[in-house]
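Visitor: fold the stuff below for me.
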Amino acid sequence: MSTHRASISDLAAQLNLSVSTVSRALSDHSRISDATKKRVWELARQLNYQPNQLAAALRKGRSNTLGVVVPHIDGQFFALVVKGIETIANQAGFNVMICQSNEDAAQEQKNVETLLNAQVDGILLSLSLSTHDFGYLEEIRRRDIPMVFFDRVVESKEVSAVVLNDYQGGYEAVCHLIEQGCRHIAHLGGPQHLNICRNRYQGYADALQHYGLPLDPALVSFSDLRIQDGRQGMECLLAQAPQLDAVFSCNDLALVGAMQVIKRRGLRIPQDVALAGFSNELFDSLTEPMLTSVDQRCEEMGRTAVQMLLELINEGPTKVAPRQVVLQPNLLIRESSLRSSVLQETKV
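Guide: Numbers count the residues shown, from 1 in each chain. Just a heads-up that it's a prediction; the model follows:
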């Protein structure tokens, strides 16, 4: 079977017409006769001709395509952010090209190069866990390609970005645990070069300070926040601080790993160890008990980021001042942290 894709040149050659005449006929140009249009369209159907939308858009100065780079689309957060991006982008007449860095800085750079080669009109980017060098982003600026960061961002007033108030989310989650009677609260933290992890940790530390509780290094474990990291971190925390009575995790994935260890040790949740996480994953309502978590307003983040990008595209990146939008978190309290209600029921 032939894999040759029919082109305008193929149509023109078979019909003995010029390429420009065929192009105008396909575009229903008023100067082309109905008879010629009919001949062109009939042959186009026979050859299964598909117009090159990218080439047509580029002739008009745009590809009508936006590029998105995410660390991964496992779990709910980035999938819902992308959903928000696509909803607004499609309404505005743009297609979306999605790339995953898989938490690898080198792959992230390749993703950006791919998007630049595809001549996207703008880029939305969330950094990988391993990204420390931002030099490769200079090529985007050199080409005047509009760019907006979201969630994991370059911390600079010179870039446009949409983030969650991660500090406030961490602070509220830990205050909630303290108000449930917890006094030895451990933290499963992520890489501190990332803004989201550092801000959540700071919220944890400041909540302890607000209530006059010490920040104990033995109650803190940093990792890449995978399920196995949560397991390993919890084993170390229980060995170092067996008195711990709560865990605040920087994400829900690591918290599930911690929960497995807690249950294996015969400890009760939340009576012995209360749990609170971050990201409000779909599985939070499927665990036993259901997990308290900070909702990150994922779709709103995606919608807001792409709206900012479209503004930059329409106005020009040099004409719109960089700005940062901060969304407020929402603490969703579920059974894993409701320790006081459990204690009251026990007393009754």
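Visitor: which residue ranges form the strands in the stretch 51-200 of the chain?
Guide: 65-70, 95-100, 122-125, 147-150, 160-164, 185-189 (DSSP state E, counting those that start in this stretch).
Visitor: now those in TSV, with distance to residue 116?
Guide: Quick note: C-beta positions are derived from backbone N, CA and C, even for glycine. Formatted as TSV, these follow (distance: least, CB to CB, whole Å):
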stretch	distance to residue 116
strand 65-70	8
strand 95-100	11
strand 122-125	8
strand 147-150	11
strand 160-164	18
strand 185-189	34
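Visitor: switch those strands over to JSON lines; also include mean neighbour count.
Guide: Shown next, in JSON lines, are the strands of the stretch 51-200 of the chain (neighbours: other CB atoms under 10 Å):
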{"stretch": "strand 65-70", "mean neighbour count": "25"}
{"stretch": "strand 95-100", "mean neighbour count": "17"}
{"stretch": "strand 122-125", "mean neighbour count": "26"}
{"stretch": "strand 147-150", "mean neighbour count": "25"}
{"stretch": "strand 160-164", "mean neighbour count": "24"}
{"stretch": "strand 185-189", "mean neighbour count": "25"}
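Visitor: out of the ones you listed, which gets nearest to residue 331?
Guide: Evaluated over the strands of the stretch 51-200 of the chain, closeness to residue 331 peaks at strand 160-164, with 12.1 Å, by CB to CB.
Visitor: mind checking the pLDDT average for the closest one?
Guide: Strand 160-164 shows an average pLDDT of 96 in the prediction.
Visitor: cool, and stretch 22-34?
Guide: On average, stretch 22-34 scores 83.
Visitor: tell me which of the strands of the stretch 51-200 of the chain lies nearest to residue 282.
Guide: Between the strands of the stretch 51-200 of the chain, strand 65-70 lies closest to residue 282; by CB to CB that is 17.1 Å.
Visitor: in its sheet, which strands sit next to the closest one, and in what direction?
Guide: Sheet pairing for strand 65-70, assigned by DSSP bridges, gives strand 95-100 (parallel), strand 122-125 (parallel).
Visitor: for it, C-alpha coordinates in PDB please.
Guide: Taking Å, rounded to 0.1, in the frame of the first residue of the first chain, the C-alpha atoms of strand 65-70 are listed here in PDB:
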ATOM      1  CA  THR A  65      -0.400  25.700  18.300                       C
ATOM      2  CA  LEU A  66       0.600  26.100  21.900                       C
ATOM      3  CA  GLY A  67       3.300  24.000  23.500                       C
ATOM      4  CA  VAL A  68       3.000  22.600  27.000                       C
ATOM      5  CA  VAL A  69       5.800  20.900  29.000                       C
ATOM      6  CA  VAL A  70       4.900  19.100  32.200                       C
END
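Visitor: and it, how far out from the chain's middle?
Guide: Taking CA atoms, centre = their mean, to the nearest Å, one finds strand 65-70 lying 11 Å from the centre of the chain it belongs to.
Visitor: show residues contacting that strand.
Guide: Residues from elsewhere that reach strand 65-70, judged by CB atoms under 8 Å, 6 or more residues apart in numbering: 54, 57, 78, 81-82, 85, 89, 94-101, 108, 111-112, 115, 118-126, 306, 309.
Visitor: for stretch 195-204, same thing?
Guide: Against stretch 195-204 from outside (CB under 8 Å, 6+ apart): 151-153, 155, 163-164, 166-174, 185, 187, 189-192, 220, 225, 248, 250, 278.
Visitor: about what we covered before: can you lay out the strands paired with strand 65-70 as JSON lines showing distance to residue 339 and mean pLDDT?
Guide: Conversion of the strands paired with strand 65-70 to JSON lines gives the following (distance: least, CB to CB, whole Å; pLDDT from 0 to 100):
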{"stretch": "strand 95-100", "distance to residue 339": "38", "mean pLDDT": "96"}
{"stretch": "strand 122-125", "distance to residue 339": "40", "mean pLDDT": "96"}
